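S.K.: Sequence plus predicted model, see below.
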Amino acid sequence: MKPSSKFEDFVILIKRLRKECPWDQKQTHDSIKNHLIEEAYEALEAIDNHDFDELKNELGDLLLHVVFHSRMSAEEDRFTIDDVIFSISEKLIRRHPHVFENKDVESEKQIAKNWESIKLEEGKKSILDGLPEHLPALIRAQRMQEKAGNVGFDWSEWQLAWEKLNEEIDEWRYAVENQQPAEQTDEFGDLLFSLVNVGRLLGLNAEDSLRKANTKFENRFRYIEEQLQKKEKKISDSDLPEMDYFWDEAKEKGL
């Protein structure tokens, strides 16, 4: 069998692997579910790095999981890859009446509101239904706020949300200064939620912003370690002023 760019050939390839490869035969939905999450994050990393050759590869890995799960389900007489494609096609057509039924819309905000209304008509009990509980908390906070905002439950401007942010900072500080552990946890959570809200109203994505901050911290801290290694010195033998010196040096280098 030779590589092919045809989707049908790829489906046949996965079917053959399930029949002839001992490792692939043993896999279940549960055994590979975490790999699906891993591949999604690797695709995000490729996007962040503007590495489109790598993105091509990671999207292929994601496609592998879609087809692999579909193949396992076909073997169980549950659904096929054709059912998966039909399901998403039907949903996209139904949720885009402004495209496929020529219904007029005034703005992207109206499109988002219509999208949520259609989901309720489909049987959803809440606008917030469909958000996985296991989403990273930062992503889930932003998505909940976006969904609520789509139907009008939102601050009219970021300055008002900023006032709420300052209020949450004061409440968290009060809990800290008065040594209230349970309240500290609650208020810290409220503060993070409010911070996401302000960023969202300014057009910022909390997860992307924090991921970039993590990368920046990692690069600068690794630089500190490298400089200390050049001095044949362990980081545990250094002190804060010395580490701060190399940290500032890393900043000057644009790390």
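M.R.: Perfect, I can see it now.
S.K.: Would you mind confirming that Leu228 makes contact with Lys234?
M.R.: Yes: counting by C-beta atoms under 8 Å, Leu228 touches Lys234, with 7.0 Å between them. The C-beta positions use only the backbone N, C-alpha and C, and glycine is treated the same way.
S.K.: Please, where are all the helices along the stretch 151-255 of the chain?
M.R.: 158-177, 181-201, 206-230, 240-252 (DSSP state H, counting those that start in this stretch).
S.K.: how about JSON lines for these, with mean pLDDT added?
M.R.: Output for the helices of the stretch 151-255 of the chain, formatted as JSON lines (pLDDT from 0 to 100):
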{"stretch": "helix 158-177", "mean pLDDT": "96"}
{"stretch": "helix 181-201", "mean pLDDT": "95"}
{"stretch": "helix 206-230", "mean pLDDT": "94"}
{"stretch": "helix 240-252", "mean pLDDT": "95"}
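S.K.: which of those is buried the deepest?
M.R.: helix 181-201 (a mean of 17; mean count of other C-beta atoms under 10 Å).
S.K.: Contacts for that helix next, please.
M.R.: Outside helix 181-201, the residues that touch it by C-beta atoms under 8 Å, 6 or more residues apart in numbering are 138, 141-142, 145-146, 149, 154-155, 157-158, 161-162, 164-165, 168-169, 171-172, 174-176, 205-206, 209.
S.K.: Which element, helix or strand, includes the closest residue to Asp24 other than its chain neighbours?
M.R.: Of all residues not flanking Asp24 in the chain, Leu17 sits nearest, at 4.3 Å (C-beta to C-beta, 6 or more residues apart in numbering). Assigned by DSSP states H and E, Leu17 belongs to helix 7-20.
S.K.: List the buried residues of that helix.
M.R.: Buried residues in helix 7-20, counted by 16 or more other C-beta atoms under 10 Å: 10-11, 14, 17-18.
S.K.: Just the strands from the stretch 51-200 of the chain, written as ranges.
M.R.: Counting by DSSP state E, counting those that start in this stretch, one finds no strands in the stretch 51-200 of the chain.
S.K.: how about low-confidence regions in it?
M.R.: Scanning the stretch 51-200 of the chain for pLDDT under 70 picks out no residues.
S.K.: For His50, list the residues it contacts.
M.R.: Counted by C-beta under 8 Å, 6+ apart, His50 has zero contacts.
S.K.: Look at it and report its pLDDT.
M.R.: His50 carries a pLDDT score of 93 in this model.
S.K.: Quick check: phi and psi at it.
M.R.: His50 adopts backbone torsions of phi 50, psi 40, taken as degrees, to the nearest 10.
S.K.: ok, now Lys2?
M.R.: Main-chain dihedrals, Lys2, degrees, to the nearest 10: phi -110, psi 150.
S.K.: Relative to Ile14, how far out is it?
M.R.: Lys2 is 15 Å from Ile14, where distance means C-beta to C-beta, to the nearest Å.
S.K.: quick one: the residue nearest the centre of the chain from Val196, how far?
M.R.: Taking C-alpha atoms, centre = their mean, the centroid of the chain lies closest to Ile139, which sits 5.8 Å from it. Distance, Ile139 to Val196, using C-beta to C-beta: 9 Å.
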